[in-house]
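In: Below is the sequence, then the predicted model.
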Amino acid sequence: GFSADSACCFCGGGVLCADEPTSWKDSRGANCKEYEVRGWCNRSGYGPNWKTNWGIFPLGTGGVDALAACCTCNGGRPLQQPQPQVHLVDDAETCLKIWPGRARFGAPPWQARAIDHCRLLS
């Protein structure tokens, strides 16, 4: 039930982001919205409408360019940190396949009873 614009990072979605600095403009006065609308950049960097003879993006507010400042250009600041996902592994064979030679299967130290778990060795 999601459109590409809201789910696909390359299409401009998928990540909640804020331009940083918030009122960023380049040395010519163009802001992040203008870079987006004019197709000068996208989530993979330089966009199809940025001409190579223009050179690199000019620096702007805060001494950074659009690639660092604008969400549209894959810069900016994330508003949300992704949550780590925990996958429970309840058998030794699977544990050792996930991290061959680097995993141990056994009871976690915080439990008195022997409920096995898989963990990566440091």
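Out: Yep, that arrived.
In: how about the residue lying closest to Gly62 once chain neighbours are set aside, secondary structure?
Out: Here the nearest residue to Gly62 in space, its sequence neighbours aside, is Pro21; by C-beta to C-beta, 6 or more residues apart in numbering that works out to 4.7 Å. C-betas here are computed from N, CA, C, even on glycine. When the structure is split into helix, strand and coil by DSSP: H, G, I helix; E, B strand; the rest coil, Pro21 lands in coil.
In: mind listing what Pro21 touches?
Out: Thr61, Gly62, Val64, Ala69 (C-beta atoms under 8 Å, 6 or more residues apart in numbering).
In: how much space between Asp65 and Gly55?
Out: 11 Å (C-beta to C-beta, to the nearest Å).
In: out of those two, which sits in the more crowded spot?
Out: For the pair Asp65 and Gly55, the greater number of neighbours falls to Asp65 (20 against 8), based on other C-beta atoms under 10 Å.
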